[in-house]
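*Asks:* Here's a sequence, model it:
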Amino acid sequence: MESNLTLAERTRRRLDRVDDVPTLPPVLLMVWELTGRSDSSAADLARAIGSDPGLTGAVLRLANSAYFGFPRKIGTVKQAIVVLGFDTVRSLATGASVMRALGPSSPSGMDAGEFLRHSMVTAMAARLLVERRWRELAGSAFCGGVLHDLGKLVIAEYLAEANTEIGSRVADGTSREDAERETLGMTHAEIGGWFADRWSLPEELAAAVRWHHDPAGAGDRERFAAAVHVGDVLAHRVGAGGSGRNEPPALRPEACTILGLPEDELGEWTERLAALTVEMPSAEAALGLGAK
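*Replies:* Numbering: from 1, shown residues only. Just a heads-up that it's a prediction; the model follows:
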């Protein structure tokens, strides 16, 4: 049997040879540029997003959904920018664009709709966890939650045989991460990190993807990774567990420490999240995706 190191090297070479990775829409690159400039206005950003009807619809659906819970209707992208802020709208645009670009890939052992629901509930939880202390991080934490299992989609899309093998191992009782290491020498978090780098995603989003099972490794981006990690755990606790596992992910106590969140308060956060998910729209509709 090959060592995990050799398996990992083979997996990296296979991924490096992938030449049909979809490109992100040019409008998203424009959004990133505008939100990184101090002289950009809400009108500038609204015009950029408005040039892509699909992205416009996704941003408005997300802004008006239970994920954000605003009491009044947001009718235009400019209004969404004013109410939500540049960073949050950038994150909504990024999450919707990435999920749309990857299309209908279905990770092993998962229903695509349940996978998307898990991603969105994790996003909602991550946003709730950071906005109580760092409101300015809420948009990026939400997007990190949407994208945290990106590596599973990459495996499904570009490593089809491995995707099937991982599903079989999980069905036989192997943990998700062990099944991935035995098959590929790498976990979905590491593979998602590779993809995030290839797409040049913002650093905080790449960190949330790469380190969502080990947030202490994320360095100065650890709050994003910790929020997504705890959000992932809470999503499973409220029944949004469609992430291809045979057991919920284990809680890393250091994630709670990073967030300043006592572990004995997790029950309250679970109840709060469960109440918010009652009126959730479908994840496919919120992200502007067709039925899977």
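*Asks:* Can you check the distance spanned by stretch 122-142, start to finish?
*Replies:* Stretch 122-142 stretches 8 Å from its first residue to its last (CA to CA, to the nearest Å).
*Asks:* So what's the gap between that stretch and the chain middle?
*Replies:* Relative to the centre of its chain, stretch 122-142 is centred 12 Å away, using CA atoms, centre = their mean, to the nearest Å.
*Asks:* Please work out which residues outside that stretch touch it.
*Replies:* Under the contact criterion CB atoms under 8 Å, 6 or more residues apart in numbering, stretch 122-142 has outside partners 67, 84-85, 87-92, 95, 143-146, 148, 202, 204-205, 208, 223-224, 227-228, 230-232, 234-235, 240, 259-261, 269, 272-273, 276-277, 280. (Each C-beta comes from the backbone N, C-alpha and C, glycine too.)
*Asks:* Let me know the average pLDDT across that stretch.
*Replies:* The pLDDT scores in stretch 122-142 average 90.
*Asks:* in the stretch 101-250 of the chain, what spans have low per-residue confidence?
*Replies:* For the stretch 101-250 of the chain, applying pLDDT under 70 flags the ranges 103-106, 109, 243-244.
*Asks:* Give the ChimeraX command for selecting the buried subset of the contacts of stretch 122-142.
*Replies:* In ChimeraX syntax, the buried subset of the contacts of stretch 122-142 is picked out as below (16 or more other CB atoms under 10 Å):
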select :67,84,85,87,88,89,90,91,92,95,143,144,145,146,148,202,204,205,208,223,224,227,228,230,231,232,234,235,240,259,261,269,273,276,277,280
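*Asks:* Which of the contacts of stretch 122-142 fall in helices?
*Replies:* Among those, the residues falling in helices (DSSP state H) are 84, 87-92, 95, 143-146, 204-205, 208, 223-224, 227-228, 230-232, 234-235, 259, 269, 272-273, 276-277.
*Asks:* packing partners for the strand or helix carrying residue 266?
*Replies:* Using DSSP states H and E, residue 266 maps to helix 266-277. In terms of contacts (3 or more CB pairs under 8 Å, 6 or more residues apart in numbering; DSSP states H and E), helix 266-277 is packed against helix 112-131, helix 222-237.
*Asks:* distance of residue 262 from residue 216?
*Replies:* Remark: distance between residue 262 and residue 216 (CB to CB, to the nearest Å) = 18 Å.
*Asks:* Look at those two and report which has more neighbours.
*Replies:* residue 216 (15 against 10; other CB atoms under 10 Å).
*Asks:* Look up how far residue 277 lies from the residue nearest to the more buried one when sequence neighbours are not counted.
*Replies:* Leaving aside its sequence neighbours, residue 216 sits nearest to residue 254 (CB to CB, 6 or more residues apart in numbering; 5.0 Å). Using CB to CB, we find residue 254 at a distance of 26 Å from residue 277.
*Asks:* Repeat that for residue 7.
*Replies:* Here residue 7 is placed at a distance of 38 Å from residue 277 (CB to CB).
*Asks:* same deal with residue 110?
*Replies:* For residue 110, the distance to residue 277 - CB to CB - is 18 Å.
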